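> Fold the stuff below for me.
(2 chains)
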Amino acid sequence: MIPVEFDYVKATSIDQALAALKSGGEDSKIISGGQSLLPVLRLRMAEPSVLVDCGGIDEMLGVRDDGDSITIGAATTHHGVMSNSLVQKHALLLAQATATVADPAIRHRGTTGGALAHADPASDIPAAALALDTSFVIAGPGGRRTVAAKDFFLDYFTTAVGPDEILVSFSIPKCDWGSSYSKFNRTAQAWAIVGVAAVVNVQGGVIKEARIGLTNMAPTAVRASTVEAALVGASSPADITAAAMHAADGTRATSDLHAQADYREHLARVITARAVRAASGI
Amino acid sequence: MAHISVKVDGTSYQGEVEPRKLLVHWLREDIGRVGTVVGCDTSNCGACTVLLNGRSVKSCSVLAVQADGCEVTTIQGLADGNDWHPVQTAFKECHGLQCGYCTPGMVMAAVDLLSENPTPSESEIREGLEGNLCRCTGYHNIVKSVSYAADLMSAGPAKGAK
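Just a heads-up that it's a prediction; the model follows:
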């Protein structure tokens, strides 16, 4: 189908984009890669009056080294993120999760920051962002603020980014722990039925600390904190399997045409054990 | 209306477009590059795949106005005169198609894949083409075609020509 008519503004700076969002009012929308928005526009499930294109704003593109952390411009494409050497060295989990998004053509256009701001509960990126303790820089009419990962994802398709605000970049503390993103889906390029993002600090064959993010087990990505606590001291596959039995604790999995909630809970336990074993090498 | 300037298959085109116009519709309707087809219109099938600044994209999922200032290569821009691109030759030699509807997108996705990985394994080919659906072949001959194209390209451009 053909999208509804809208105006289009190609922004070249954050300030220009914020001004365009403000003058467009509540029906203005941000676009960059458009790989989530364009399908919705074609189905006329969204009818924006103005699209503000942030895909060409220099400040929102690329990856930079900030010493203890790396900062990724929100409009950097998935392909740009997963093939970036800083990401591969200091936030490998993000590269692993990004590589499972959709297919190569979509990863050439779609942006990792866009996926975070879109906050689809089945998206692979938010769980990885949670496990990596990501922080988010949001620009709005009143200036800029930084939001921690735990405060960023609020609900189904809802984040801390307000309608008059823009996600500029996100920062990840450098992490050299073992990592894995494991996802269960039934066909190529399909969304995750359940996904698990794991980073694990192993010393002398014993897990010292682990951070686990779950995809599609609640209206937002969530941390599996009971598993994280149970993994401390684990040193065998049996220890990991026992800890992973808590993967569905406190989650709110839904039933849909892909899976019933109890099946998702089962998958969370199985996939968590797989992800932690892959990340830890145990 | 927005003014755009896009280089398509080596030729520069200028035009006025509605911002809502999809790149694939602009290619087909405004400048007549009908080699690129619309398959599913849902971003799934990849039949409309073209190269945008050298990388594969689904042209049903890009606004024409977003291609302003870019270079687009369609299936019609691959051949050098009468000399086919090695990927085109390989699809013919290995019969990498049946009805042919997915072929323009398959070929463009394969060109992109081989530009990044000139010697892909079978699983890397299947992974690299996961965004392109074929409802006829079961993919077997398509995978063979891409593998053969890799051989042709590593043997040098002259052997890839028709």
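> use CA for all of it now, contacts and neighbours both
Will do.
> Residue of chain A closest to chain B, please.
Across chain A, the shortest distance to chain B (Cα to the nearest Cα) belongs to residue A:105, at 4.4 Å.
> who touches that residue in this structure?
Under the criterion of Cα atoms under 8 Å, 6 or more residues apart in numbering or on different chains, the neighbours of residue A:105 are B:49, B:55, B:56, B:57, B:58, B:109, B:131.
> which residues touch the helix ranked longest in chain A?
Looking only at chain A and at elements set by DSSP state H, the helix with the highest residue count is helix A:261-280. Under the contact criterion Cα under 8 Å, 6+ apart, helix A:261-280 has outside partners A:178-184, A:193-202, A:207, A:214, A:217, A:237, A:240-241, A:243-248, A:253-255.
> hey, where'd the helices end up in the chain?
With no chain named, the answer covers chain A. Secondary structure of chain A (DSSP H): helices located at A:14-24, A:37-42, A:78-82, A:85-90, A:92-98, A:104-109, A:112-118, A:125-131, A:149-152, A:225-231, A:237-244, A:261-280.
> Not quite, go with chain B.
Going by DSSP H, chain B shows helices at B:23-25, B:86-93, B:103-116, B:122-128, B:140-154, B:157-160.
> Mean pLDDT and mean neighbour count for those - can I get that in TSV?
Below are the helices of chain B laid out as TSV (pLDDT from 0 to 100; neighbours: other Cα atoms under 10 Å in any protein chain shown):
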stretch	mean pLDDT	mean neighbour count
helix B:23-25	97	23
helix B:86-93	98	22
helix B:103-116	98	24
helix B:122-128	96	16
helix B:140-154	97	21
helix B:157-160	50	14
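> For chain A, find the nearest of these.
Chain A lies closest to helix B:122-128 among the helices of chain B, at 6.6 Å (Cα to the nearest Cα).
> Tell me the helices and strands packed up against that closest one.
helix B:103-116, helix B:140-154 (3 or more Cα pairs under 8 Å, 6 or more residues apart in numbering or on different chains; DSSP states H and E).
> rewinding a little: just among the contacts of residue A:105, which is most surrounded?
Neighbour tally across those (other Cα atoms under 10 Å in any protein chain shown): the maximum, 33 neighbours, falls on residue B:49.
> who's in contact with it?
Taking Cα under 8 Å, 6+ apart as the definition of contact, the neighbours of residue B:49 are A:105, B:36, B:56, B:57, B:58, B:59, B:74, B:104, B:105, B:106, B:108, B:109.
> and if we set it to 6 Å?
B:57, B:58, B:59, B:105 (Cα atoms under 6 Å, 6 or more residues apart in numbering or on different chains).
> Grab the nearest non-local neighbour of the second one.
When you say that, I think you mean residue B:58. Spatial nearest neighbour of residue B:58, chain neighbours left out: residue B:49 (4.4 Å); criterion: Cα to Cα, 6 or more residues apart in numbering or on different chains.
> So the one you found versus residue B:126, what's the distance?
The spacing between residue B:49 and residue B:126, counted by Cα to Cα, to the nearest Å, is 16 Å.
> still on that earlier bit, what does the pLDDT read for the residue of chain A closest to chain B?
According to the prediction, residue A:105 has pLDDT 98.
> With residue B:162 instead?
Per-residue confidence for residue B:162 comes out at a pLDDT of 43.
> can you check residue A:260 too?
Residue A:260 is assigned a predicted lDDT (pLDDT) of 96.
> for residue A:20, same thing?
At residue A:20 the predicted local distance difference test score is 97.
> try the one 10 residues further on
At residue A:30, the pLDDT value in this model is 97.
> Give me the most central residue, chain B.
In chain B, the C-alpha closest to the average C-alpha coordinate belongs to residue B:108, at a distance of 2.4 Å (Cα atoms, centre = their mean).
> list the contacts for that residue?
The neighbours of residue B:108, taking Cα under 6 Å, 6+ apart as the test, are residue B:50.
> Domain ranges for the chain, per the record?
Using chain A. A:7-53, A:59-173, A:180-280 (automatic domain parsing).
> if you could check chain B rather than the one you did, that'd help
Split into domains by automatic domain parsing, chain B comes to B:2-76, B:86-155.
> With distance to residue A:66 as new columns, can the ones you listed be given to me in a markdown table?
A markdown table is the format used below for these (distance: least, Cα to Cα, whole Å):
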| stretch | distance to residue A:66 |
| --- | --- |
| domain B:2-76 | 29 |
| domain B:86-155 | 29 |
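> of these, which approaches residue A:92 most closely?
domain B:86-155 (20.0 Å; Cα to Cα).
> ok, the nearest residue to residue B:132 once chain neighbours are set aside - how many residues close by?
Ranked by Cα to Cα, 6+ apart and with sequence neighbours excluded, the top spatial neighbour of residue B:132 is residue B:46, at 4.4 Å. By the criterion of other Cα under 10 Å, residue B:46 has 35 neighbours.
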